[in-house]
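Colleague: pasted the sequence and its predicted model underneath.
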Amino acid sequence: MEYIATFFTHFGANQFCRTLKKINIKYRMMPVPRKLSSSCGTCVRFFSDDIEFSKNSDDIEGLYKIENDDYIAVFINE
Amino acid sequence: MKRIYMDNGATSFPKAPNVAEAVYKYMTENGCNVNRSSYENAGEAEDILLDTRYLLCHLFDFDKPSNVVFTSGITESLNCVIKGLLKKGDHCIVSGFEHNAVMRPLNSIGVEWSVAEISKNGHFENIESLFRENTRLVVMTHSSNVFGNVLPLEEVGEICKKKNIPFVIDTAQTAGHINVSFKNLNCDVLCFAGHKGLLAPQGIGGMIMTDEMAKKIPPIIEGGTGSVSHTIETPFFMPDKFEAGTMNIPAIYGLNAALKYIIDTKVENIEKTENILRERFLKGISNIKGLHIVDCENTKHTPVVSLVFDNIDMAEVSYILEKDFLIETRCGLHCAPIAHKTMGTYPQGTVRFSFGYFTTNDEIDAVITALNKIII
């Protein structure tokens, strides 16, 4: 599945990229789509079958599944 | 004749291998800003930035990379912390070896300050008696930029912790020369310079701090951070709170390369090499009449030696060393008048010889020969 993760901070986005790199998940950074407006203007787009690793991240503001050109919230951290 | 650089206390030269290449590579192949845009090259620059925070955590024995803040240099770091934590009428404790990067901000705020003296045994014996009701901060250099004596800050940190007073450390002269542990020093903020012992370019330094200090200290520079751009309020989160505006990214690439070199080489090996150089120099000048080493007993040392001369003005010595022997030194007060007052060398000053990891035995011997000739 393809996902987009948004972040509270750039620092958090970069930390998350580091995690993805470590576990060999390919990713791209991209500007946050208007629909998902977020504290940090950069989000991370990646493919993965398993998203367990992302659930304990304090850096992620929201994780969204990309389906039929729409963004479906998997979880949102307040 | 080859130039002999003996002014590493002012700024290190040469820099670590790969530093210039890293800066050049960034400027010619990447060139992107960080924390603004999201394309791949910007991501690569951000990755170097984050990696540099991790390397600093490793070097300074610190756990939280988000609390590693970059500034234009250690002077900015010290200004930010001192001006953020103190106001007129507060009291602060310093060592007798502070640089003006500490003393001038204290003076301009109108802070009362007391000097903690070091006893002959190399310890701060009476520091507890200096604390007052209005003491709000203890700030100390880790090592004198003039005399090279390392201060026993671990014991100061313990007292500060007990009294719940923030302890700020200036590591301008120790980072990269000896092991510096945020945890062992019991400090709340550690300020560092990139361009001295860390062997990186000028224009980059920083500070690392506890969560409590990150909340308490206000930023002195505010502006764009690339985060929470919908609001005109400065973000409270780290490290954005203290990093408004575009950072010195070329210097951060250089610092990244320098830190990798230092970590690979191991700081204890750097310390050992520099101690050998210092001992060689001290032994070589020990029989020269008419000059004296100004030194503190019973302390560790960084590779800095200050000399005074009986019959020649310090400026003349420094001038002749450069003119006749291409030996570059710094004479005078070294931006540290209170350190010279502590050691009795104010106002005439000293001639300072500051070595580095890349100084060679031949260079040390050439300086000894030159000093012998000058004295005659």
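Modeller: In hand now; what should we look at? Computed from a predicted structure; not experimentally measured.
Colleague: and chain B, what are its domains?
Modeller: Chain B is divided into the following domains under automatic domain parsing: B:4-14+B:266-375, B:19-265.
Colleague: and among the ones you listed, the most buried is which?
Modeller: Ranked by mean neighbour count, these are led by domain B:19-265 with a mean of 20 (mean count of other Cβ atoms under 10 Å in any protein chain shown). Placement of C-beta: from N, CA and C, glycine included.
Colleague: A:Met30: what secondary structure?
Modeller: Counting by DSSP: H, G, I helix; E, B strand; the rest coil, the backbone at A:Met30 sits in strand.
Colleague: my error: substitute B:Val139 in the last question.
Modeller: B:Val139 falls in the strand class when you classify it by three-state DSSP.
Colleague: quickly list what it is bridged to.
Modeller: Following DSSP bridges, B:Val139 is listed with bridge partners B:Val168.
Colleague: isn't A:Ser54 right next to A:Leu63, touching?
Modeller: Yes - A:Ser54 is within contact range of A:Leu63, at 5.8 Å (criterion: Cβ atoms under 8 Å).
Colleague: let's have the domains of chain B in a markdown table, adding mean pLDDT.
Modeller: What follows is the domains of chain B, written out as a markdown table (pLDDT from 0 to 100):
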| stretch | mean pLDDT |
| --- | --- |
| domain B:4-14+B:266-375 | 96 |
| domain B:19-265 | 97 |
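Colleague: for those domains, which one sits closest to A:Tyr27?
Modeller: When the domains of chain B are compared by Cβ to Cβ, domain B:19-265 sits nearest A:Tyr27, at 9.0 Å.
Colleague: overlap in contacts of A:Ser54 and A:Leu63?
Modeller: Common neighbours of A:Ser54 and A:Leu63 are listed as A:Tyr3, A:Ala5 (criterion: Cβ atoms under 8 Å, 6 or more residues apart in numbering or on different chains).
Colleague: let me see the contact set for B:Val267.
Modeller: Counting by Cβ under 8 Å, 6+ apart, B:Val267 touches B:Leu59, B:Gly176, B:His177, B:Ile178, B:Asn179.
Colleague: mind checking how far it is from B:Ser143?
Modeller: Noted for B:Val267: a distance of 14 Å to B:Ser143, by Cβ to Cβ, to the nearest Å.
Colleague: is A:Phe75 in a bridge, and if so with what?
Modeller: Assessed by DSSP bridges, A:Phe75 has beta-bridge partners A:Leu63.
Colleague: quick check: it touching A:Lys65?
Modeller: No - at 10.5 Å, A:Phe75 and A:Lys65 do not qualify as touching, with contact defined as Cβ under 8 Å.
Colleague: which residues of the chain fall in strands?
Modeller: Here I'm looking at chain A. Taking DSSP state E as the test, the strands found in chain A are A:2-7, A:27-31, A:42-47, A:60-67, A:70-76.
Colleague: looking at chain B here, not the other one
Modeller: In chain B, the strands defined using DSSP E lie at B:4-5, B:68-71, B:91-95, B:112-116, B:135-141, B:167-170, B:189-193, B:205-209, B:291-294, B:304-309, B:327-328, B:330-332, B:350-354.
Colleague: buried residues in the lowest-mean-pLDDT helix or strand in chain A?
Modeller: In chain A, the helix or strand scored least confidently by mean pLDDT, DSSP states H and E is helix A:52-55, which has a mean of 89. In terms of neighbour count (16 or more other Cβ atoms under 10 Å in any protein chain shown), helix A:52-55 has its buried residues at A:Ser54.
Colleague: what comes into contact with it?
Modeller: A:Tyr3, A:Ala5, A:Phe16, A:Thr19, A:Ile23, A:Ile60, A:Leu63, A:Phe75.
Colleague: near chain B, which residues of chain A are found?
Modeller: Within reach of chain B by Cβ under 8 Å from any Cβ of the partner chain, chain A has these residues: A:8-11, A:13-15, A:17-18, A:28-31, A:37, A:39-43.
Colleague: now restrict the residues you listed to buried residues only.
Modeller: A:8-11, A:13-15, A:17, A:29-30, A:39-43.
Colleague: make TSV from the strands of chain B and add distance to B:Glu21 to it.
Modeller: Formatted as TSV, the strands of chain B follow (distance: least, Cβ to Cβ, whole Å):
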stretch	distance to B:Glu21
strand B:4-5	20
strand B:68-71	21
strand B:91-95	38
strand B:112-116	44
strand B:135-141	32
strand B:167-170	30
strand B:189-193	22
strand B:205-209	21
strand B:291-294	39
strand B:304-309	29
strand B:327-328	25
strand B:330-332	29
strand B:350-354	26
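Colleague: what does the stretch 101-250 of chain B put close to chain A?
Modeller: Within the stretch 101-250 of chain B, the positions near chain A by Cβ under 8 Å from any Cβ are B:Gly226, B:Ser227, B:Val228, B:Ser229, B:His230, B:Pro235, B:Phe237, B:Met238, B:Pro239, B:Asp240.
Colleague: so what's whichever residue of the stretch 51-200 of chain B sits closest to chain A up against?
Modeller: Closest approach of the stretch 51-200 of chain B to chain A (Cβ to the nearest Cβ) occurs at B:Ser66, with a separation of 5.3 Å. B:Ser66 sits next to A:Thr9, A:Phe11, B:Arg53, B:Phe237, B:Met238, B:Pro239 when contact means Cβ under 8 Å, 6+ apart.
Colleague: now do the contacts for the closest residue to chain A within the stretch 251-376 of chain B.
Modeller: Going by Cβ to the nearest Cβ, chain A is nearest to B:Ile252 of the stretch 251-376 of chain B, at 13.1 Å. By Cβ under 8 Å, 6+ apart, the residues touching B:Ile252 are B:Ile48, B:Leu49, B:Thr52, B:Phe70, B:Ile204.
Colleague: B:Val94 pairs with what?
Modeller: Going by DSSP bridges, B:Val94 forms beta bridges with B:Val115.
Colleague: now do the longest helix seen in chain A against strand A:2-7, angle only.
Modeller: Counting residues, the longest helix found in chain A (DSSP state H) is helix A:10-22. Orientation note: helix A:10-22 sits at an angle of 140 degrees relative to strand A:2-7 (axes from the mean of the first three to the mean of the last three Cα atoms, to 10 degrees).
Colleague: quick check: angle from helix A:10-22 to strand A:42-47?
Modeller: Using the same axes, to 10 degrees: helix A:10-22 against strand A:42-47 is 20 degrees.
Colleague: if we can go back for a sec, now the buried members of the contacts of helix A:52-55.
Modeller: Using 16+ other Cβ under 10 Å, the buried ones in the contacts of helix A:52-55 are A:Tyr3, A:Ala5, A:Phe16, A:Thr19, A:Ile60, A:Leu63.
Colleague: ok, the first one to B:Val34 distance?
Modeller: In this case it means A:Tyr3. 24 Å.
Colleague: do the same with the fifth one
Modeller: With distances taken as Cβ to Cβ, A:Ile60 is found 20 Å from B:Val34.
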